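Undergrad: Got a sequence here, can you build the structure:
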Amino acid sequence: MSPTFLFDGECGFCRHWTNYWKKLVGNRVLFQTLQDAGRDLTTARFITKDGIEYQGARAVAELLTFAPGKSWFRWLYLHVYPFASLSEWMYKRVASCRSCAAHATRLLWGKSLEPSTFLFTRRLFLRLLGLVYLIAFLSFFVQIPGLIGEHGLLPVGEYLANAKAALGNSAYLHLPTLAWISPSTSFLGFLSILGAAASLLAVIGIQLTPVFFLLWMLYLSLFYAGQTFMSFQWDIFLLEAGFLAIFFAPTRFGDKHDAPHLVVWLYRVLVFRLMFSSGFVKLASGDPTWRNLSALDYHYWTQPLPNTISWFVHQLPGWADRLSILFMFGVQLVLPFFIFAPRRLRFFAAFGFIALELAIGLTGNYTFFNLLTISCVILLFDDQFFRRLPKKIPDVASHAQRRAAQMLTAVIVFLLLFHIPTSLRIVNSYGLFAVMTTERHEIILQGSNDGETWLDYEFTYKPGDVHRAPGFVAPHQPRLDWQMWFAALSSYEQNPWFVHLAEALLRGTPEVTDLLATNPFAGDPPTYVRAALFDYRFTTAQERQETGAWWARESLGLYLPVASLERKTGD
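TA: Purely as a prediction, here's the structure:
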């Protein structure tokens with residue numbers, strides 16, 4: 001006897017959902033109306049091949065065990081008592097008003113119910129992820145010599161040697177990087193170019209598991225080699241999303257199997273964690289500017305690298321800023337829960353996330369972060385949304401890939417539940433702008449040959465000359481410019497790389513000075529350097545009209561006292 005599902009053939013709502021379940025289980029279950037079976041009943045029944053009969057929500061749970069990837073419903077029903085009670089209660093409510101349930105189905109799922117597939121959606125996502133990797137590798141490649149090369153601010157060779165001396169052989173586990181093979185500038189550049197080449201493979205459609213394993217391994221290597229300069233949330237976000245891609249990508253050419261749905265949900269949980277935690281930390285921090293909705297009075301001009309649009313948006317009236325913050329909190333604290341709701345609510349959440357990321361990207365330079373976030377949000381959609389349906393429903397992911405996805409899920413859940421950090425950065429914590437900065441201190445490096453006349457070093461992207469408009473640089477990340485913003489929040493003693501920067505200017509180290517926009521001592525390095533500290537703010541519309549300046553500033557004294565090669569700072 002074949003397993004049989006009996007349903008009310010006179011109920012349009014019942015037929016609607018039964019047709020959907022038929023597509024999920026295929027010919028593994030026989031479907032028959034209660035009327036044809038001669039049953040004078042309206043409650044669904046499931047009869048096992050052994051003749052055991054279940055009804056109501058339990059019948060649906062038993063049916064879904066024959067649908068690949070849906071057996072979790074029966075597991076929850078059997079092992080989580082509140083879930084079983086809630087399921088039966090919901091079933092009775094639906095049965096009491098089937099027309100109401102039919103309207104709700106059309107509203108939340110659409111006119112037709114189709115099993116979600118992810119063939120096109122996976123290809124699109126992996127192309128976008130490949131593009132993000134490409135940007136990240138090339139952006140860092142041009143900065144390697146000045147940041148972490150042999151003559152850079154934080155040479156990798158010294159860093160790894162110190163780690164090995166302090167940790168012994170365990171240093172290899174704490175710092176999993178290919179730079180152990182060679183910390184030379186040329187080898188680090190090779191890793192970046194190899195990563196860029198592998199990224200191009202993903203972009204053009206060669207999207208195989210080995211490609212994404214290589215991408216993740218190379219970026220992990222540069223992440224640890226980059227030290228302070230690779231300590232941003234989008235770097236660990238890329239590593240986590242990239243690690244999942246190893247299990248999400250096809251394992252061989254011509255693979256027509258659907259993507260593993262479990263990994264789709266791991267990405268959706270990742271989006272939830274990113275969005276919700278970013279909203280939660282703002283309130284949990286106790287920062288009054290978020291609670292009284294005044295944060296955007298400061299954000300546009302205190303963020304690390306504003307752009308030209310930032311200045312104009314800052315001129316908007318206060319009520320526009322308050323509405324923007326309410327919109328942000330709605331997106332970050334409410335919409336994440338829609339990820340687990342029916343598909344139309346999930347799509348609504350996706351559009352909200354994308355709108356927020358576009359707004360952030362337009363009003364600030366946040367590297368590849370916005371593109372990476374939007375790429376992950378794409379997985380809240382499916383092939384049906386993009387109207388790129390396969391000719392026939394594809395087979396589920398291979399047994400090996402589904403088993404790998406299950407093991408990956410178990411590991412991630414374990415790490416999340418017990419808050420266990422790992423040097424592989426496969427699970428991370430997120431939360432941007434928990435506390436809003438309400439003032440902007442800007443460090444201006446200066447050089448002199450006589451100790452009297454001081455000339456400014458200009459950076460390419462961070463504020464300096466008050467008449468220079470804030471520029472557009474994303475998705476490239478000028479990592480020294482970014483670190484200068486963080487350095488201004490503390491002292492130079494807390495930023496050893498800053499002292500190395502001053503010494504590099506005194507020596508005229510070309511790898512470092514190439515990271516700057518202007519070097520007033522290009523012919524011969526200065527005798528002295530110092531770092532002045534200024535308080536910066538955006539000019540008002542009237543001030544800009546009168547002076548032509550984008551910024552107004554006031555001197556706060558010295559950040560770094562006068563230093564020379566004979567009189568190093570800290571001596």
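Undergrad: Let me see the domain layout of this protein.
TA: 4-109, 119-417, 440-563 (automatic domain parsing).
Undergrad: For residue 434, which of those is the nearest?
TA: Residue 434 lies closest to domain 119-417 among the domains of the chain, at 4.0 Å (CB to CB). (Each C-beta comes from the backbone N, C-alpha and C, glycine too.)
Undergrad: Now do that closest one: distance to the chain's middle.
TA: 3 Å (CA atoms, centre = their mean, to the nearest Å).
Undergrad: One more: stretch 549-564?
TA: 35 Å.
Undergrad: pLDDT on it, on average?
TA: For stretch 549-564, mean pLDDT rounds to 97.
Undergrad: Contacts for it next, please.
TA: 311, 441-443, 451, 463, 466-470, 488, 491-492, 498-499, 502-503, 506, 527-539, 543-544, 569 (CB atoms under 8 Å, 6 or more residues apart in numbering).
Undergrad: Give me the subset of the residues you listed lying in helices.
TA: Taking DSSP state H, the ones among these that sit in helices are 311, 498, 499, 502, 503, 506, 543, 544.
Undergrad: distance of residue 388 from residue 87?
TA: Distance, residue 388 to residue 87, using CB to CB, to the nearest Å: 34 Å.
Undergrad: same check, this time on residue 529
TA: Distance, residue 529 to residue 87, using CB to CB: 70 Å.
Undergrad: Please enumerate the strands of the chain.
TA: Using DSSP state E, the strands of the chain run over 4-7, 30-33, 45-47, 53-55, 440-448, 455-456, 528-538, 551-563.
Undergrad: Same list (those strands) but as JSON lines, adding distance to residue 71 and mean neighbour count.
TA: Formatted as JSON lines, these follow (distance: least, CB to CB, whole Å; neighbours: other CB atoms under 10 Å):
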{"stretch": "strand 4-7", "distance to residue 71": "15", "mean neighbour count": "22"}
{"stretch": "strand 30-33", "distance to residue 71": "19", "mean neighbour count": "15"}
{"stretch": "strand 45-47", "distance to residue 71": "14", "mean neighbour count": "22"}
{"stretch": "strand 53-55", "distance to residue 71": "15", "mean neighbour count": "15"}
{"stretch": "strand 440-448", "distance to residue 71": "55", "mean neighbour count": "21"}
{"stretch": "strand 455-456", "distance to residue 71": "66", "mean neighbour count": "14"}
{"stretch": "strand 528-538", "distance to residue 71": "57", "mean neighbour count": "20"}
{"stretch": "strand 551-563", "distance to residue 71": "60", "mean neighbour count": "16"}
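Undergrad: Scan the ones in helices among the contacts of stretch 549-564 and report the most crowded one.
TA: residue 498 (23 neighbours; other CB atoms under 10 Å).
Undergrad: Now for that one: which residues touch it?
TA: So residue 498 contacts 487, 492, 531, 560 (CB under 8 Å, 6+ apart).
Undergrad: same deal with residue 115?
TA: 20, 23, 24, 393.
Undergrad: Go ahead and build a PyMOL selection from the buried members of those.
TA: The buried residues among the contacts of residue 115 can be selected in PyMOL (16 or more other CB atoms under 10 Å) with this line:
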select buried, resi 20+24
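Undergrad: Lowest-confidence one in the contacts of residue 115?
TA: For the contacts of residue 115, the pLDDT minimum is residue 393, 75.
Undergrad: all helices of the stretch 301-450 of the chain, in order?
TA: 308-314, 318-329, 343-362, 369-377, 383-386, 399-417 (DSSP state H, counting those that start in this stretch).
Undergrad: Most tightly packed of those?
TA: Highest mean neighbour count of the helices of the stretch 301-450 of the chain: helix 369-377, a mean of 22 (counted as mean count of other CB atoms under 10 Å).
Undergrad: Tally up the residues packed near the residue nearest to residue 91 when sequence neighbours are not counted, please.
TA: Computed as CB to CB, 6 or more residues apart in numbering, the closest residue to residue 91 that is not its neighbour in sequence is residue 57, at 4.2 Å. Neighbourhood size, residue 57 [other CB under 10 Å]: 22.
Undergrad: I'd like the distance between residue 57 and residue 28.
TA: For residue 57, the distance to residue 28 (CB to CB) stands at 20 Å.
Undergrad: can you check residue 51 too?
TA: According to CB to CB, residue 51 and residue 28 sit 17 Å apart.
Undergrad: and what of residue 140?
TA: Distance of residue 140 to residue 28, given as CB to CB: 50 Å.
Undergrad: And residue 72, by the same measure?
TA: 17 Å.
Undergrad: cool, and residue 136?
TA: 45 Å.
Undergrad: Show me which of those two is the more surrounded one.
TA: Between residue 136 and residue 28, residue 136 has the larger neighbour count (other CB under 10 Å), namely 29 against 13.
Undergrad: Not counting its neighbours along the chain, what's nearest that one?
TA: Counting by CB to CB, 6+ apart, the residue nearest residue 136 is residue 368, at 5.8 Å.
Undergrad: The one you found is in contact with residue 375, isn't it?
TA: No - the criterion here is CB atoms under 8 Å, and residue 368 misses it with residue 375 at 9.4 Å.
Undergrad: Spit out the residues that contact these two alike.
TA: By CB under 8 Å, 6+ apart, the residues touching both residue 368 and residue 375 are residue 132.
Undergrad: give me the number of residues near residue 112?
TA: 10.
Undergrad: So for it, what pLDDT did the model give?
TA: Reported pLDDT for residue 112: 82.
Undergrad: ok, now the one 5 residues further on?
TA: Per-residue pLDDT puts residue 117 at 92.
Undergrad: separation between it and residue 279?
TA: Residue 117 is 32 Å from residue 279, by CB to CB.
Undergrad: what about residue 388 and residue 87, which has more around it?
TA: residue 87 (19 against 14).
Undergrad: For the more buried one, give me its contacts.
TA: 57, 58, 61, 77.
Undergrad: Mind doing that once more with 7 Å?
TA: 57, 77 (CB atoms under 7 Å, 6 or more residues apart in numbering).
Undergrad: any idea how far residue 53 is from it?
TA: 17 Å.
Undergrad: hang on, the earlier thing: now the ones in helices among the contacts of stretch 549-564 in a markdown table, please, with extra columns for pLDDT and distance to residue 409.
TA: Shown next, in a markdown table, are the ones in helices among the contacts of stretch 549-564 (pLDDT from 0 to 100; distance: CB to CB, whole Å):
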| residue | pLDDT | distance to residue 409 |
| --- | --- | --- |
| 311 | 98 | 46 |
| 498 | 97 | 43 |
| 499 | 96 | 46 |
| 502 | 97 | 49 |
| 503 | 97 | 49 |
| 506 | 97 | 54 |
| 543 | 97 | 56 |
| 544 | 97 | 54 |
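Undergrad: Closest one to residue 362 out of these, please.
TA: Nearest to residue 362 among those, with distances taken as CB to CB, is residue 311, at 12.6 Å.
Undergrad: Now do the closest one against residue 331, distance only.
TA: For residue 311 relative to residue 331 (CB to CB), the value is 24 Å.
Undergrad: do residue 390 as well
TA: 32 Å.
Undergrad: go on, residue 251?
TA: 36 Å.
Undergrad: Could you double-check that residue 74 lies in contact with residue 61?
TA: Yes - contact criterion CB atoms under 7 Å: residue 74 and residue 61 qualify, at 4.2 Å.
Undergrad: Which one of those two is surrounded by more residues?
TA: Legend: neighbour count by other CB under 10 Å for residue 74 and residue 61, higher for residue 61 (23 against 16).
Undergrad: Surely that one and residue 73 touch.
TA: Yes - judged on CB under 7 Å, residue 61 makes contact with residue 73 at a distance of 5.1 Å.
Undergrad: Next up, the contacts around residue 109.
TA: Residue 109 is in contact with 342, 343, 344, counting by CB under 7 Å, 6+ apart.
Undergrad: Export the residues you listed as CSV, with columns for distance to residue 129 and pLDDT.
TA: Formatted as CSV, these follow (distance: CB to CB, whole Å; pLDDT from 0 to 100):
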residue, distance to residue 129, pLDDT
342, 27, 94
343, 23, 93
344, 26, 95
